[in-house]
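1. Got a predicted model here, sequence first, then my questions.
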Amino acid sequence: MPLVLTSAPAREPVSVSEAKQYLRIDSAVEDPVVASLILAARLHIEGALDIAMVTQSWKLLLDRWPEDGRVEIPLGPLQSVDSVTVYGADDVAQAVPESSYLVDLSSLRPRLVRHAGAVWPMPGRPVNGIEIAVTAGYGDTPETVPQPIRQALLMLVAHWYEQREPVVLEEPDALPHGVADLLAPYRAVRL
């Protein structure tokens, strides 16, 4: 069940100037490095937490419908399900009507739930025959991202800025103290 990014966030959750202030950098010489570290830290945290920080658009691709009629969306916080499309064997797209499903945003993991009695068309493609377009993220601006996540991102940027070698041999998975603690409340519990 692959997720494919279709529209990246318009802005990063932390600006280069905010990161430079945190790092105590005065010149613009390091701006490209800081910008790339912000991007890498955002992607790292989003991947670790299965979240989108600032509003982004994604496609969830499925081969088949789950038998119970509940499709878990492995990305949060979900803002909306924009469309559900099924592709036939002839590659012709068929929209699934919104009246045939409910979007559950209040579950721990957002999900798409088939209404009782509704029949969803079966895909004709053997692979990725179902496409669910979603919008996810805390909001359109950096200020909508919870402050502990933004702080963890800044701490990760600072750590990577200071530790530029790819691996510290003594501690291969070392992260700055506190980053995991700041992110813990946002981590989905898996049973």
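-> That came in fine, so what should we check first?
2. Could you pull out the strands in the chain for me?
-> 3-7, 56-62, 70-72, 78-87, 93-95, 101-104, 111-114, 130-136 (DSSP state E).
3. who does the helix or strand bottoming out on mean pLDDT in the chain touch, helix- and strand-wise?
-> Lowest on mean pLDDT, DSSP states H and E among the helices and strands of the chain sits helix 179-183, with a mean of 89. Under the contact definition 3 or more Cβ pairs under 8 Å, 6 or more residues apart in numbering; DSSP states H and E, helix 179-183 sits against helix 31-49, helix 147-162. In short, each C-beta sits where N, CA and C put it, glycine included.
4. tell me which residues in that helix are buried?
-> For helix 179-183, the neighbour count (16 or more other Cβ atoms under 10 Å) marks 179, 182, 183 as buried.
5. got it, and stretch 119-128?
-> 120, 121, 123, 128.
6. for stretch 29-38, same thing?
-> 30, 34, 37, 38.
7. Quick check: the gap between the second one and residue 69.
-> To tie it back to what came earlier, the one meant is residue 34. 47 Å (Cβ to Cβ, to the nearest Å).
8. looking at the helices and strands packed on helix 179-183, which is buried most?
-> helix 147-162 (a mean of 19; mean count of other Cβ atoms under 10 Å).
9. what angle separates it from helix 31-49?
-> Relative orientation of helix 147-162 versus helix 31-49 (axes from the mean of the first three to the mean of the last three Cα atoms, to 10 degrees): 130 degrees.
10. So which elements touch helix 147-162?
-> helix 16-23, helix 31-49, helix 179-183.
11. contacting residues for residue 15?
-> By Cβ atoms under 8 Å, 6 or more residues apart in numbering, the residues touching residue 15 are residue 142.
12. So residue 72 sits against residue 113, correct?
-> No - Residue 72 lies out of contact with residue 113 (Cβ atoms under 8 Å); the separation is 10.0 Å.
13. Quick one: residues in contact with stretch 133-140.
-> 6, 9-10, 51-60, 73, 75-85, 144-146.
14. which stretches of the protein aren't confidently modelled?
-> Low-confidence segments of the chain, defined by pLDDT under 70: 166-175, 189-191.
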